[in-house]
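Peer 1: How does the following fold in three dimensions:
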Amino acid sequence: MWEQIRAAWRVSSIFIVGLIVIFGGIFLGGLLSSSTNPPGTTPAVQATASADRDHDQNKPATASSVTPSPSPQGSAKKQSDQQSDQQVAQSSKVPSQPSPHQETAAPSPQPPAGAATPSTSAAPSSPAQDHMHDHMAAEHMAATSTPSPSPTNGQSPAAPASTAPPPASNAAAAPTAKPSTGDAAAGRLVFRKCQACHSIEPGKNMLGPSLAGVIGRKSGTEAGYNYSPAMKSAGIVWNPQTLDQYLTDPAKVVPGNKMPFPGLKTANDRADVIAYLAGGGQPAAAAATPQPSPGAASPTPQPAQTPAAQGAPATSVTYIPDARYTVRSGIADGRMAYIGQGGEIDGKVNPVLTAVEGQVVQLTLINGEGAEHDIVFPDQNTTSPRVTGKGASTTIAFRADKSGDFVYFCSVPGHRLAGMQGQFLVTPRPPPQTVVEADISREATDLPPPIGKRDPQTVRVDLFSVELEGRLAEGTTFGYWTFNGKVPGPFIRVRVGDTVDIHLKNSADSSMIHSVDFHAATGPGGGAAALQVDPGQEKSMTWKALVPGLYVYHCATPMVAEHIANGMYGMILVEPEGGLPPVDHEFYVMQGEIYSDMPYGQRGSAEFSVEKLLSEHPEYFVFNGSVGALSLLHPLRAKVGETVRIFFGVGGPNYTSSFHVIGEIFDKVYTFGGLRSPPLEGIQTVTVAPGGAVITEFKAQVPGNYTLVDHALARTERGLSGILQVEGPPNPEIYNGQVMPGMGH
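Peer 2: Next comes the predicted model:
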């Protein structure tokens, strides 16, 4: 028995010794490899080591699998927690959330030192011009860019990548690397304007490729997207370091890349947007407080009303209501009821309707179940027509001319007792308050005086492209792109034969390249071919005004429609020799569309929606850039007996206008803005295409408010109206009737 035990022990001892020798050799080999292997250690070894270590530590592989250069730090299968932290410290950016691609991501070739990062809002391009938009998976982020970023502007990931420092030096580097970790929520704001060209939905390629799963993806490999040869052959695997390098200076990292933006200016912006992409865009829903984009000129808008919105006299006539509500009849909790639709009352049963004393209220009643209904506001002496049949509707408008706590109800016998009754609360008019949002709307009177008689000369014109957050509507802001900080851009006035010396400067804070195309210029791009200006730069050129007329100008940098929709349009008048006939007042009015991600009327910081632009579904139609620009904020004014000239144009970019002034007939109309032909006379409505213009003239003969509209009148419900206030004595020979409050026609 003892002999058997001794024999078994000898066999076991030999086996144990053999195991010790084998594992000891593996362990020593790993140590020797980590200390002697050159930077060319294979990516596969690094990936394997990272995966094994993360498996043992039950940690995401994000930090350990992303190396700052194509040279891994080591190839040992298992590292200590300290080594893992050191590799994190060496990374210029470490996403806060892991990406499924990161565990196997092979490091890419080292881009040139000092390479920079793309910015939040890359300039979009035409779908047919894939070379104009050489997108990598994170290409096209341009929030605050400079044309030639310095390597010192942002964190350089190249330094720790060039060598494999010992663990001690790695640990020492950790404190300086940690602050570079990006904030994914802030990155969502940086990414805002990138949405014009990129989606974070898997497989959804737009003007640029989808950025879903960009971390760990090889450049030029997103399925279904047509990359340029330069991007296809770059051979870069996108990780936080290579993204940071590329976003700093795309053209330097990938020679031949023709993306129309110079890169992101700051390391923080690059870090934040990389963290956002690494998280798959998830922080977008969690972003709590909307903040202005870089270059914002105003704080977050407040829900307070502007003085202009409250300052109109109670007897004034307005074509656009101050408060809109829609309710439908239905059954709630076993009782008949009005149920709110849209806005703050959506889904609420017998919602509390509110207004400020003196405001005009518009209410639409929809029959939701087929029984006969109406709605009555007894204290306002207002009763709607009855609606019978499911889906039938009616709309009423009235002025809340006194404050108090009132009721509304259905007057059909038995319906009020059955539950169809609600509260209508009218608050007293508050004192004037300061507008919080930056007013980007240009006043209609902001235009230079007539030139009159003079010889041709050289006229210098200075345009300054500025991106800023401004007031779109009450309590709503939007990221505008502007000429000289207003929408529309400045009204330019020259005479036929003048030489226009145009100087275009792009703000250093701009995220985009900008340009200008003058419809009045003869030559490539209307000047845009020579005036593509990087952020912080300035270019100039001259052109000669050959044909008199009223012309549109606009930015012509891809995607051109996006630049126009965000506010980059204006007009230039080329006066004929001797000028135009004198009038008492000249006004400058342009119509545009706003394609916001937020629905019309919702408060907050709205973002641009490329999907709505391409499907031609604007949320807002505006005169001079914002809702109420020419009614609440800057109404037009004239007196009885004075002559009025309106320079009207359509920036667009998509919708034709049927320009009309309610209550007036145009005495003269210079169709299409042309001044070589005699004007038409006695015109009610004039059609103006996107990129087109018209000059209209009339004489104010009766006092009152005259509403400027596009006679596609549904657009007034989305903000499109202006007011011409005419003061003076009544003229009963022309108009003899009492103006009723709230009536615009």
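Peer 1: per-residue confidence averaged over stretch 242-251?
Peer 2: Within the predicted structure, the mean pLDDT of stretch 242-251 is 82.
Peer 1: Can you say which helix or strand has residue 339 in it?
Peer 2: strand 335-340 (DSSP states H and E).
Peer 1: same question for that strand, mean pLDDT?
Peer 2: Mean predicted lDDT for strand 335-340 stands at 96.
Peer 1: Could you do stretch 255-269 as well?
Peer 2: The model assigns stretch 255-269 a mean pLDDT of 69.
Peer 1: and what of stretch 213-223?
Peer 2: 85.
Peer 1: still on that earlier bit, and for whatever helix or strand comes next after the strand holding residue 339, what's in contact with it?
Peer 2: On the C-terminal side of strand 335-340, the nearest following helix or strand under DSSP H and E is strand 353-356. Applying CB atoms under 8 Å, 6 or more residues apart in numbering, the contact partners of strand 353-356 are 305, 310, 322-323, 325, 345, 361, 363, 400, 408, 422-430. No exception for glycine: its C-beta is placed from N, CA and C like everyone else's.
Peer 1: Tell me the buried residues within those.
Peer 2: By neighbour count, with 16 or more other CB atoms under 10 Å, the contacts of strand 353-356 hold 305, 310, 322, 325, 345, 361, 363, 400, 408, 422, 424, 426 as buried.
Peer 1: so the last one makes contact with residue 399?
Peer 2: No - look at residue 426 against residue 399 with CB atoms under 8 Å: they stay out of range, at 10.2 Å.
Peer 1: quick revisit: packing partners of the strand holding residue 339?
Peer 2: On a contact count with 3 or more CB pairs under 8 Å, 6 or more residues apart in numbering; DSSP states H and E, strand 335-340 meets strand 323-332.
Peer 1: What strands line up against the strand it packs on, and which way round?
Peer 2: Strand 323-332 has the following strand partners under DSSP bridges: strand 335-340 (antiparallel), strand 360-366 (parallel).
Peer 1: mean confidence for the longest one?
Peer 2: Mean pLDDT, taken over the full extent of strand 360-366, equals 93.
Peer 1: Tell me the first helix or strand C-terminal of it.
Peer 2: Note on strand 360-366: by DSSP H and E, the next helix or strand toward the C-terminus is strand 376-377.
Peer 1: Pull the residues that contact that next one.
Peer 2: Against strand 376-377 from outside (CB under 8 Å, 6+ apart): 382-384, 398, 406, 408-411, 424.
Peer 1: Try it again at 7 Å.
Peer 2: The contact list for strand 376-377 (CB atoms under 7 Å, 6 or more residues apart in numbering) reads 383, 398, 406, 408-409, 411, 424.
Peer 1: How about stretch 526-540?
Peer 2: Here stretch 526-540 makes contact (CB under 7 Å, 6+ apart) with 145-147, 262, 501-508, 510, 513-519, 521, 541, 543, 556-557.
Peer 1: Show me which of these are buried.
Peer 2: For the contacts of stretch 526-540, buried by 16+ other CB under 10 Å: 145-147, 262, 502, 504-507, 510, 513-519, 521, 541, 543, 556-557.
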